[in-house]
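Chemist: With the input below, show me the fold.
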Amino acid sequence: MHNIKTVFYRELIGFFNSPMAYIFLVIFAIVNGYFFTNRFFLFGQSDLRSLFDIVPLVFLFFVPAISMGSISRENDIGTMETMSTLPLSNYQFVMGKFSAALCLILLGLLATFIHLITLVFVGTNIDYGALFSGYLGLSFMGASFAAIGIYASSLTQNQVVAFIIGLFMVLIFYMLDKTLVFVPSSLAGFLQFLAIDYHLSNMSRGVIDSRNLVYFFSMIGFFLFLTVQTLEVRRWK
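Modeler: Reported below is the predicted structural model:
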């Protein structure tokens with residue numbers, strides 16, 4: 001646990017010592033605020049549904065951007081060789097990197113609470129149960145995308161290539177349920193279950209089903225496992 005915390009703090013400090021964290025948090029808040037205020041002031045709809053609709057689209061681009069340098073940067077500057085000599089397992093290294101990326105994503109979601117405060121002050125009736133499950137779903141989606149992005153980062157030394165691979169992979173999982181009309185009915189159910197937006201939409205409606213939780217935990221665990229295995233293979237080469 002101590003090693004995970006060390007990697008976590010090192011990575012998080014690295015985020016805030018560079019423009020990456022500030023760019024992510026500011027643009028994330030501006031983009032989400034723009035779409036929220038558009039619906040709030042122009043269409044007179046005072047709810048957070050528009051926010052739950054736009055955040056996944058923002059995640060598609062920003063989470064791969066956050067995670068693209070997690071491991072590829074270490075490979076590029078040669079610090080992976082140094083870390084291999086330390087009493088630090090690949091599992092601890094990956095978990096520390098993942099925790100830092102997830103922390104930054106949660107900070108971005110925390111910034112959207114200003115919209116919730118706005119709705120409270122204007123006297124909107126808020127379904128706090130649906131609100132909680134919606135934010136929980138967004139957190140799981142962000143964590144899943146972070147795990148995918150870190151795996152993509154472990155495949156290459158080039159951060160731009162890592163970003164492209166990560167973006168491509170998250171787009172596949174996001175778009176799966178949009179392509180069901182083009183696949184045989186025998187595969188539709190399976191592909192729908194693999195689609196991340198399908199599980200998020202259930203949770204954003206206030207439904208926390210064990211199948212949704214199993215899906216998200218499986219996604220996160222699977223891609224973190226792949227990342228650890230990729231590092232193990234590189235270590236023995």
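Chemist: lowest average confidence, helix or strand, in the protein?
Modeler: Across the helices and strands of the chain, mean pLDDT, DSSP states H and E gives its lowest value to helix 79-83, namely a mean of 63.
Chemist: counting contacts, what elements does whichever strand or helix holds Phe193 pack onto?
Modeler: For Phe193, the host element (DSSP states H and E) is helix 185-194. Using 3 or more CB pairs under 8 Å, 6 or more residues apart in numbering; DSSP states H and E, no helix or strand is in contact with helix 185-194. Bear in mind the C-beta positions are built from the backbone N, C-alpha and C, glycine included.
Chemist: Contacts for it next, please.
Modeler: Phe173, Leu176, Asp177, Thr179, Leu180, Val183, Tyr198, Arg211, Tyr215 (CB atoms under 8 Å, 6 or more residues apart in numbering).
Chemist: which of those count as buried?
Modeler: By neighbour count, with 16 or more other CB atoms under 10 Å, these hold Phe173, Leu176, Asp177, Tyr198, Tyr215 as buried.
Chemist: Which pLDDT does the model give the residue nearest to Ser89 when sequence neighbours are not counted?
Modeler: Closest residue to Ser89 apart from its sequence neighbours, by CB to CB, 6 or more residues apart in numbering: Asn3 at 7.4 Å. Looking at Asn3, its pLDDT is 81.
Chemist: Could you do Ala100 as well?
Modeler: pLDDT, Ala100: 92.
Chemist: For the buried ones among the contacts of helix 185-194, could you give me CSV that also reports secondary structure, distance to Ile54 and pLDDT?
Modeler: Output for those, formatted as CSV (DSSP: H, G, I helix; E, B strand; the rest coil; distance: CB to CB, whole Å; pLDDT from 0 to 100):
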residue, secondary structure, distance to Ile54, pLDDT
Phe173, helix, 18, 91
Leu176, helix, 20, 84
Asp177, helix, 18, 80
Tyr198, helix, 18, 86
Tyr215, helix, 22, 93
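Chemist: Tell me the buried residues in the helix or strand that Ala162 is a member of?
Modeler: According to DSSP H and E, Ala162 maps onto helix 159-175. Buried residues in helix 159-175, counting neighbours by 16+ other CB under 10 Å, are found at Gln159, Ala162, Phe163, Ile165, Gly166, Leu167, Met169, Val170, Phe173, Tyr174.
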